[in-house]
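Novice: Quick one, what's the 3D model for this:
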Amino acid sequence: MFRNNLVDIHIFPAPYGTHSFRRGGCQWLYTTCRWGLRRICDWGGWSTDFSSMTIVKYLISYADDPQEKREDFMNPNRAPSVKCYTCGRSCHCI
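Specialist: Sure thing, here's the model as predicted:
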């Protein structure tokens with residue numbers, strides 16, 4: 001089904017496999033749907049004892065584009081965050 005979806009949007013499917021689908025799914029569930037790590041592990045069929053941290057390789061990659069500059073992590077002069085109406089947290093996602 002995943003390969004058919006790629007063909008439907010005119011992307012050659014050979015370079016992509018189920019790893020791409022699972023990794024993208026994990027990132028989407030975590031960032032967009034605000035699922036917790038335990039719920040994502042249940043969805044992906046991974047252990048929830050967090051001894052191997054398999055989930056981390058699906059959520060973080062060297063190729064990811066960071067959302068926030070490292071120097072702004074503790075910068076007291078950065079723009080204030082706004083309360084997110086979707087998740088109820090104060091975050092920089094909106």
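
Novice: Look up how far residue 58 lies from the residue minimising distance to the centre of the chain.
Specialist: Nearest residue to the geometric centre of the chain (CA atoms, centre = their mean): residue 27, 1.9 Å. Relative to residue 58, residue 27 is positioned 7 Å away (criterion: CB to CB, to the nearest Å). C-beta: built from backbone N, CA, C; applies to glycine.

Novice: ok so residue 4 is a strand residue?
Specialist: No - looking at residue 4 with DSSP: H, G, I helix; E, B strand; the rest coil, it is helix, so not inside a strand.

Novice: Run through the residues that contact it.
Specialist: With contacts defined as CB atoms under 8 Å, 6 or more residues apart in numbering, residue 4 has no neighbours.

Novice: ok, back up a step: for the residue nearest to the centre of the chain, which non-adjacent residue is spatially closest?
Specialist: Taking CB to CB, 6 or more residues apart in numbering as the measure, residue 27 lies nearest to residue 59, with 6.1 Å between them; neighbours along the chain are not counted.
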